[in-house]
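Trainee: sequence first, predicted model second:
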Amino acid sequence: MNMLLSRITIDPDICHGKPVIRGLRYPVETIPGNAELRNDH
């Protein structure tokens, strides 16, 4: 779990301060939705 949390960063200048995956700028909130889409197939 700590390894996952170390990959999440919050910066007011990136994605309006939403938590993102470090170095990728993917908002954390989009990851569960994408995983659900993959499991539907």
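Mentor: That came in fine, so what should we check first?
Trainee: worst-scoring helix or strand of this protein, pLDDT-wise?
Mentor: Ranked by mean pLDDT, DSSP states H and E, the helix or strand of the chain with the weakest confidence is helix 30-39, at a mean of 62.
Trainee: any weak-confidence spans in this structure?
Mentor: Along the chain, the model assigns pLDDT under 70 to residues 1, 32-41.
Trainee: dump the residue contacts of the residue nearest the centre of the chain.
Mentor: Nearest residue to the geometric centre of the chain (CA atoms, centre = their mean): Val28, 2.2 Å. With contacts taken as CB atoms under 8 Å, 6 or more residues apart in numbering, Val28 has the following neighbours: 8, 18-21. C-beta here means a position set from N, CA and C on the backbone, and glycine is covered the same way.
Trainee: from the residues you listed, which is closest to Asn2?
Mentor: Ile8 (11.0 Å; CB to CB).
Trainee: so how far is Leu24 from Ile10?
Mentor: Applying CB to CB, to the nearest Å, the value for Ile10 to Leu24 is 14 Å.
Trainee: tell me how far Gly17 lies from Glu29.
Mentor: Remark: distance between Gly17 and Glu29 (CB to CB) = 12 Å.
Trainee: over to Lys18?
Mentor: Distance from Lys18 to Glu29, by CB to CB: 7 Å.
Trainee: and those two? Which one has more around it.
Mentor: A direct count of neighbours by other CB atoms under 10 Å for Lys18 and Glu29 places Lys18 higher, at 14 against 11.
Trainee: ignoring the adjacent residues along the chain, who's closest to the more buried one?
Mentor: Pro27 (4.9 Å; CB to CB, 6 or more residues apart in numbering).
Trainee: any idea what the one you found is bridged to?
Mentor: Beta-bridge pairing for Pro27 (DSSP bridges): Val20.
Trainee: which ones are touching it?
Mentor: Taking CB under 8 Å, 6+ apart, one finds 15, 18-20 in contact with Pro27.
Trainee: report the two of those residues separated the most.
Mentor: Using CB to CB, the pair of these lying farthest apart is Cys15 and Pro19, separated by 8.4 Å.
Trainee: how many residues are close by Val20?
Mentor: By other CB under 10 Å, 20 other residues sit near Val20.
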